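> Here is a sequence together with a model predicted from it:
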Amino acid sequence: MPIADWFKARESRKYTPASDKSAPAEVPDGVWVKCESCKHIIYEGELVADQRVCRHCGHHFALSAPERIGSLVDEGSFVEKDAGLSPGDPLSFSAAKPYGASLDKAREQSGLNEAIVTGSAAIGGHDVVIGVMDFRFVGASMGSVVGEKVARAFEAALSQRKPLVMVISSGGARMQEGMLSLMQMAKTSAAAARLSDAGVPYISILADPTYGGVTASFPVLADVILAEPGARIGFTGPRIIEQTIRQKLPKGFQTSEFMLEHGMIDSVVPRSELRDTVGLLLEYLSAKGGER
């Protein structure tokens, strides 16, 4: 790059004003990140090295599906399936903006065709079928294509007798698809039941946030339910619940730690320990032939 162009690029970047302490701090684009929890300014390279976990307070930032797969599976083992499946607009739905426009924007921002990536991989040397949701794509809501890819992942695990690992982060059902979206709750739950009846292990990992009709279906039907620290898990958000029951909710309500205390999940596992923990669980759950 010519030096003149370098100076022009530098001048266009955003920097924190040093003289005005009352102004909200801005950080250079793509270089520094402010932690949502402790407000520390973190170097992006440091955050990537720490799997997007704040080393000051332990806050777990969101991961994209490719980042999550890279952090969880054995290197070079992932093979994607059903990558070409893409949602349509069966209801020609339009609210603040047309559903089709939301899909186009999600594809552009995420580089994905849908809110879940599925395929086969290995974790700790164990062959698995894996699905990872990506919140960047319309809040990882579950429409007809997400439900189909989830069901196909269950069917692949069943036919190949390989354990299934699902990483879930979602805002719930994709209401732009109406009843077709709600039907995916029954569809994926039935697929989970068939896998359970066959004795093939299923592990779910709940990341922040996991809400709505997704929470009420396949994620909570796993043999072992793990969650990342601080992940918000529930059906309806706490603000709506408080408005409905007209009571103040307990501190930490719907966090993974709260859910562990009340028996909804089995363990809260820091991201840095997830691969080893899932590998150990697969060792326990899997016997010859992939059966429990």
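The structure has been received and is ready for your questions. Numbers count the residues shown, from 1 in each chain.
> Helices of the stretch 51-200 of the chain, residue ranges please.
All helices of the stretch 51-200 of the chain, identified by DSSP state H, counting those that start in this stretch, fall at 65-72, 99-110, 144-160, 179-197.
> low-confidence ranges in the protein?
Along the chain, the model assigns pLDDT under 70 to residues 1-30, 287-292.
> mind redoing it with 90?
1-31, 36, 50, 90, 94-97, 235-254, 286-292 (pLDDT under 90).
> Pretty sure V269 sits against I225.
No. Assessed by Cβ atoms under 8 Å, V269 is found out of contact with I225, at 10.7 Å. Using the backbone N, CA and C atoms, a C-beta is placed for each residue, glycine as well.
> Without its sequence neighbours, what residue ends up closest to the most centrally placed residue in the chain?
Against the mean C-alpha coordinate of the chain, by Cα atoms, centre = their mean, the closest residue is S169 at 3.2 Å. Leaving out its chain neighbours, the residue that sits closest to S169 by Cβ to Cβ, 6 or more residues apart in numbering is A207, at 4.1 Å.
> now that neighbour, what's its secondary structure?
Under DSSP: H, G, I helix; E, B strand; the rest coil, A207 falls in the strand class.
> hang on, the earlier thing: let's have the helices of the stretch 51-200 of the chain in a markdown table, adding mean neighbour count and distance to K81.
Below are the helices of the stretch 51-200 of the chain laid out as a markdown table (neighbours: other Cβ atoms under 10 Å; distance: least, Cβ to Cβ, whole Å):
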| stretch | mean neighbour count | distance to K81 |
| --- | --- | --- |
| helix 65-72 | 19 | 13 |
| helix 99-110 | 16 | 18 |
| helix 144-160 | 21 | 7 |
| helix 179-197 | 18 | 15 |
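> got the ones you listed as a markdown table, with distance to H59 columns?
Shown next, in a markdown table, are the helices of the stretch 51-200 of the chain (distance: least, Cβ to Cβ, whole Å):
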| stretch | distance to H59 |
| --- | --- |
| helix 65-72 | 16 |
| helix 99-110 | 22 |
| helix 144-160 | 27 |
| helix 179-197 | 30 |
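> partners of V79 in the sheet?
With DSSP bridges as the criterion, V79 is bridged to S120.
> Can you report how many residues lie near it?
The number of residues packed near V79 is 9, by other Cβ atoms under 10 Å.
> what sits against it?
Under the criterion of Cβ atoms under 8 Å, 6 or more residues apart in numbering, the contact list for V79 reads 119-121.
> And G58, by the same measure?
The neighbours of G58, taking Cβ under 8 Å, 6+ apart as the test, are 229-230, 270.
> next one: M185
By Cβ under 8 Å, 6+ apart, the residues touching M185 are 142, 173, 213, 216-217.
> on that earlier part again, identify the residues contacting the residue nearest to S169.
Contacts of A207 by Cβ under 8 Å, 6+ apart are 60, 62-63, 68, 167-169, 227-228, 231.
> Okay, it and A198: tell me how far apart.
Relative to A198, A207 is positioned 27 Å away (Cβ to Cβ, to the nearest Å).
> swap in V132?
Using Cβ to Cβ, V132 is found at 23 Å from A198.
> Mind checking which of these two has more residues around it?
Neighbour count, other Cβ under 10 Å: between V132 and A198, V132 has more, with 28 against 14.
> Tell me which stretches of the stretch 151-292 of the chain form strands.
Along the stretch 151-292 of the chain, counting by DSSP state E, counting those that start in this stretch, strands occupy 164-170, 202-210, 224-227, 267-268.
> cool, the stretch 1-150 of the chain as well?
Remark: strands assigned in the stretch 1-150 of the chain by DSSP E, counting those that start in this stretch are 32-34, 41-43, 79-81, 116-123, 126-133.
> Determine which stretch of the ones you listed is the most buried.
Mean neighbours per residue, mean count of other Cβ atoms under 10 Å, is largest over those for strand 126-133, with a mean of 25.
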